[in-house]
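*Asks:* Here is a sequence with its predicted model. Questions after.
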Amino acid sequence: MFKKPHNKYLYLILIFLFIFLLIKKHFKSYDQLGILKGEHFLTKSLYYEGYFIGGVRLVQSLPDKKVAIFGQKDGVILNVKNNTLKAAVAFQRKAVLKPEIVDVENDGRFEIMLRGSGYGDVGLLDYNGKTLWIYKPDKKLPSKSMVSGDLDRDGRLEFYAATHNGLHRLDYKGRKIWEVEVENRMDSVAVYDPGKNGVPLVITICFNGQIQFRNCNGQLVREIKPKIKFRDLQLINWPTSGHILAKSGKSIYILDFNGKTIFKYTPKYGFNNFCGTGVKLSDNQNPYLAVITAARSRTFRQLLSIFSPDGKLVYQEVLKKGPTLCTISSDSSKSEHLLVGDGTGNVWEYRLNTK
């Protein structure tokens, strides 16, 4: 029978050792990088190799067959076809947690939007990484998140910021146009633009789980409150456009705009950050679903999971910290390839293995 050690410090050491062994056993798979499922399903090749402070924060497909790869302090724009350098940018400010490339005036010259994350600022940088404006209505707390879109069809992007007291619309110079106060703090915001023949929407989710749909003037179109309380709303183009990717507890969900759950997945390991996209890996199949869940662990690993068009898990791999991913078009067919950021500077390209 185990007896309590007389030395209290030895007793504490034994407790900590026991906890450490449990944690190590739980995260054993995350300690070991590599493919967990579907080894021969995809081919994987190194698309870009570099180094970014804070790791790869953004991999984004751009118009004119270009790709943006950014870290917290700098980034590059590449030509998709031959991976040659188109431009290099260094931010003239402190670390940027969630950058995104935008074209504010639709003139072919990009700007860098600071999307925010609840910790970092929201705002806009120019082509050279110089700050154009920062929006911080509360001097003590940064806005939760910000997105952009030309929902009023005037040829310039407007910006929608989820703040601690409501939704704010800003013009292209960061000036507030209107604000809508909400009873419950907003968690995140997204814009849905189906094109000229559809109705664009600003979609927000509050901390109480309520999802609201508004037009570009801030008028409430409708609202839903699913039975499950969701967080971190994103839009996703799977199985078709016009769906919501969100998390609740230890699971990720895909909902339609009526709040109906059409997909649920619970990774084996806990996570805090996530992202996803539909990817047409094959010409003659509907899009697959690619999801990254960033592990909440000491190893900062991320889990790439790919699901078939009918929602079955077909590929899974443990990578270094992230998460960020995007799709690029294939030169030889109508299919797409998947780009995934990995660690401090690598970006991998995945395509369907046809052999």
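*Replies:* The structure has been received and is ready for your questions. Residues are numbered from 1 along each chain as shown.
*Asks:* Going by C-alpha atoms from here, please, whenever you check contacts or count neighbours.
*Replies:* Will do.
*Asks:* who's in contact with Tyr47?
*Replies:* Taking C-alpha atoms under 8 Å, 6 or more residues apart in numbering, we find Tyr47 in contact with Asn83, Leu339, Asn346, Val347, Trp348, Glu349.
*Asks:* Including secondary structure and neighbour count, could those residues go into a markdown table?
*Replies:* Output for the contacts of Tyr47, formatted as a markdown table (DSSP: H, G, I helix; E, B strand; the rest coil; neighbours: other C-alpha atoms under 10 Å):
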| residue | secondary structure | neighbour count |
| --- | --- | --- |
| Asn83 | coil | 13 |
| Leu339 | strand | 25 |
| Asn346 | strand | 19 |
| Val347 | strand | 23 |
| Trp348 | strand | 16 |
| Glu349 | strand | 20 |
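*Asks:* Can you tell me which of those has the lowest confidence score?
*Replies:* In terms of pLDDT, the weakest of the contacts of Tyr47 is Asn83, which scores 84.
*Asks:* so who does that one touch?
*Replies:* Asn83 makes contact with Tyr47, Tyr48 under the criterion C-alpha under 8 Å, 6+ apart.
*Asks:* let's see it at 10 Å
*Replies:* Contact partners of Asn83, counting by C-alpha atoms under 10 Å, 6 or more residues apart in numbering, are Tyr47, Tyr48, Lys66, Val67, Ile77.
*Asks:* Could you do Tyr48 as well?
*Replies:* With contact taken as C-alpha under 10 Å, 6+ apart, Tyr48 is in contact with Ile69, Leu78, Asn83, Thr84, Leu339, Gly341, Gly345, Asn346, Val347, Trp348, Glu349.
*Asks:* Return the member of these nearest to Asn184.
*Replies:* Using C-alpha to C-alpha, Gly341 comes nearest to Asn184 of those, at 34.4 Å.
*Asks:* Give me the three-state assignment for that closest one.
*Replies:* For Gly341, the assignment made with DSSP: H, G, I helix; E, B strand; the rest coil gives strand.
*Asks:* Return the set of residues that bridge with it.
*Replies:* Val347 (DSSP bridges).
*Asks:* ok, it - how many residues close by?
*Replies:* Neighbourhood size, Gly341 [other C-alpha atoms under 10 Å]: 27.
*Asks:* now it: how far from Thr131?
*Replies:* Distance of Gly341 to Thr131, given as C-alpha to C-alpha, to the nearest Å: 25 Å.
*Asks:* re earlier: output the contacts of Tyr47 as JSON lines; include the columns distance to Ile35.
*Replies:* Shown next, in JSON lines, are those (distance: C-alpha to C-alpha, whole Å):
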{"residue": "Asn83", "distance to Ile35": "25"}
{"residue": "Leu339", "distance to Ile35": "16"}
{"residue": "Asn346", "distance to Ile35": "17"}
{"residue": "Val347", "distance to Ile35": "16"}
{"residue": "Trp348", "distance to Ile35": "13"}
{"residue": "Glu349", "distance to Ile35": "15"}
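*Asks:* Make sure Leu157 is actually in contact with Met113.
*Replies:* No - under the criterion of C-alpha atoms under 10 Å, Leu157 is not in contact with Met113, lying 11.1 Å apart.
*Asks:* out of these two, which sits in the more crowded spot?
*Replies:* Neighbour count, other C-alpha under 10 Å: between Leu157 and Met113, Met113 has more, with 27 against 22.
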